[in-house]
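In: missing the sequence, but the structure's below:
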């Protein structure tokens, strides 16, 4: 239950909770405390306002929830930018059409009524222009020929006042009535010439009042329901009543029935027109009469487009109907095109969404179906290309991971190739270090104890970096160890023979660094590719004599620091592994107490700074000389730190290897 309330609360919010409380309070007060009506009214007002707020909040959340999907969002968008304006325009057109039709019906009735009143005025003008003696005959002949049928119940009253001879009393009055057998009251004094609608004794008339030089003319025609309905035939039910009292025409307004509907859309319309109405008993006073029209749309437009009177009206009506049909067809076609385009867009987006979900799950082999040649199709193609590239990248990543693990194994194997234990002698300290630029290194250093009084020192730099350089470094180390082992076996055999046959004059063989390097060169050249080579330095330190015999095969000259000055040793030949005919020599230097011998690779001297300037051998020699009094480990740390500061980069540009030997 609590979980359900927690799920409902985001929809209600504080205002929704307040609405529920106010509504419950209102219901409780109405049911159990009717005497507290004012308090219940307060609760009701609060519930109304909070309820409106809650309704807006819920509708907004429903709209957001409903428009999460692209299809619903597009439908809502089309609804606001297309359907709603069309509905508004259609509604406005319907309202305007109804108002226009109502006004047309009113205009048809009032204009015909005015025209008939004007005809009565013309009749009065004709009578006024006729001589008094000829007026009775004119009136009878004119009414019988022109007015009886169109103006049922027409009445004419002509008054002519003839003055008596001078001194003879009041003027005589001559009356002409039509019809003669009808007697109706004469107009009272105070009327000015007027025509329009007249109210007399509760009935309405079309009338005109005109004055002559010697009298006046009054013509009236009853405005009955039949007359009103006949103003515009077949228009519908027409009535006339006084606005102030809503008193209807006594003859009734339903002489004509409402026309039958042509179709289900043929709506009934109402029309009203306010017409100034004269009061017979009050000359000069005008009241407001109301002309009421009840008709249908078809009847009004049939009266407007009078096919019998003008054949052009058929063409106009046909064009109007054709325009409506064309508009409807265009709307249907637009709806079909819009629906098709919407399905295309939403289908493409749905496929993209499904594809992204598959990719999230790790299925990079999924491909989206591409349809069409538009931008969405190009987007689908781009997605397929992306997943294809991701699939390839995964393969590459797995292969890279495998290679990385193999390289890690190679690093561990290579770390085992470096000497683990520094040989100990009474007069020589040896320290070496190698910092690879990559996981594995192409630099090589080694030291090996030869008998108890000699130490072999070696350092090399294989051309290149990475796995290939590391493999050649391993080959170089293996060949050197093999050559040294072979020499030790020969030396052991010679020593054994000398001991058993003393006095034979057999000498113990000495290590020849030049011969070892030459054999090493031939082996590397024979078992490696021609482009593989290495710089190499091999030296043998003799403990009793303190001499250091060495062969430098193209390696950087070691630095000998003695008495605060540094000097460089010789180079005795070219690199190993490049040429089978290379010849190597030997050099010898006697190490004194305190002498420091420093061997290094080009990874120490050739790193460049941001201006392209190398660290250089001179800078290295100067650095070593200034710090020669320090321990070998401190000297190595100082040199490496100086190179890092020179390059201003944590990434090494090349393998950095140093081997230091100090004579005690």
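Out: Perfect, thanks for sending it. These figures come from a predicted structure and were not determined experimentally.

In: got the contact list for residue 610?
Out: Contacts for residue 610 (C-beta atoms under 8 Å, 6 or more residues apart in numbering) come out as residue 648. In this view, the C-beta of every residue, glycine as well, is placed from N, C-alpha and C.

In: you'd agree it is in a helix?
Out: No - counting by DSSP: H, G, I helix; E, B strand; the rest coil, residue 610 is not part of a helix but coil.

In: Residue 511: how many residues sit nearby?
Out: Using other C-beta atoms under 10 Å, residue 511 is surrounded by 20 other residues.

In: what's near enough to touch it?
Out: 450, 454, 456, 487, 540, 549.

In: Sort out for me which of these are in helices.
Out: residue 487 (DSSP state H).

In: Between which two of the contacts of residue 511 is the distance greatest?
Out: 487 and 549 (13.5 Å; C-beta to C-beta).

In: element containing the residue nearest to residue 364 when sequence neighbours are not counted?
Out: The shortest distance from residue 364 to any non-neighbouring residue, by C-beta to C-beta, 6 or more residues apart in numbering, is to residue 391 (4.1 Å). Using DSSP states H and E, residue 391 falls within helix 375-417.

In: Residue 216 and residue 209, how far apart?
Out: 7 Å (C-beta to C-beta, to the nearest Å).

In: Can you pull the residues that touch both of the two?
Out: Applying C-beta under 8 Å, 6+ apart, one finds that residue 216 and residue 209 are jointly contacted by 187, 191.

In: what pLDDT does residue 235 get?
Out: We have a pLDDT of 83 for residue 235.

In: That one touches residue 297, doesn't it?
Out: No - when contacts are counted by C-beta atoms under 8 Å, residue 235 is not listed as touching residue 297 (11.6 Å).

In: Those two: which has the busier surroundings?
Out: residue 235 (26 against 22).

In: List the contacts of that one.
Out: Neighbours of residue 235 in contact, by C-beta under 8 Å, 6+ apart: 105, 108, 109, 229, 256, 259, 293, 295, 299, 300, 303.

In: swap the cut-off to 6 Å and go again
Out: 295, 299, 303 (C-beta atoms under 6 Å, 6 or more residues apart in numbering).

In: tell me the domain ranges of the chain?
Out: Taking automatic domain parsing as the domain assignment, the ranges for the chain are 2-66, 109-304, 307-417, 418-491+510-663.

In: in the stretch 451-600 of the chain, what spans have low per-residue confidence?
Out: 494-510 (pLDDT under 70).

In: For it, which segments are assigned as strands?
Out: 454-462, 534-542, 547-553, 559-562, 565-568, 587-590, 596-600 (DSSP state E, counting those that start in this stretch).

In: which secondary structure elements does the second one contact?
Out: Pointing back at strand 534-542 there. strand 454-462, helix 513-527, strand 547-553 (3 or more C-beta pairs under 6 Å, 6 or more residues apart in numbering; DSSP states H and E).

In: Same question for the first one.
Out: Under the contact criterion of 3+ C-beta pairs under 6 Å, 6+ apart, the helices and strands touching strand 454-462 comprise strand 443-450, helix 466-500, strand 534-542.

In: Equivalent analysis for the fifth one, please.
Out: Using 3+ C-beta pairs under 6 Å, 6+ apart, the elements in contact with strand 565-568 are strand 559-562.

In: chain center to the strand it packs on, what's the gap?
Out: 72 Å (C-alpha atoms, centre = their mean, to the nearest Å).

In: quick revisit: could you dump the strands of the stretch 451-600 of the chain to TSV with distance to residue 656 and mean neighbour count?
Out: TSV is the format used below for these (distance: least, C-beta to C-beta, whole Å; neighbours: other C-beta atoms under 10 Å):
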stretch	distance to residue 656	mean neighbour count
strand 454-462	10	25
strand 534-542	15	25
strand 547-553	19	23
strand 559-562	15	20
strand 565-568	19	14
strand 587-590	25	15
strand 596-600	8	24
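
In: Can you redo these as a markdown table, where the extra columns are distance to residue 352?
Out: A markdown table is the format used below for the strands of the stretch 451-600 of the chain (distance: least, C-beta to C-beta, whole Å):
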| stretch | distance to residue 352 |
| --- | --- |
| strand 454-462 | 52 |
| strand 534-542 | 56 |
| strand 547-553 | 64 |
| strand 559-562 | 66 |
| strand 565-568 | 68 |
| strand 587-590 | 74 |
| strand 596-600 | 59 |
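
In: Which one, of those, ends up nearest to residue 416?
Out: Of all these, strand 454-462 comes closest under C-beta to C-beta, at 16.9 Å.

In: what are the pairing partners of that closest one, and which direction each?
Out: Its sheet considered, strand 454-462 pairs with strand 443-450 (antiparallel), strand 534-542 (antiparallel) by DSSP bridges.

In: got the contact list for the last one?
Out: In this structure, residues lying in contact with strand 534-542 by C-beta under 6 Å, 6+ apart are 428, 454-462, 476, 511, 513, 517, 548-555, 575-577.

In: Now name the helix or strand holding residue 293.
Out: Residue 293 belongs to strand 282-296, assigned by DSSP H and E.

In: re the thing from before, between the contacts of residue 511, which is closest to residue 586?
Out: Checking these one by one against residue 586 (C-beta to C-beta), the nearest turns out to be residue 549, at 5.8 Å.
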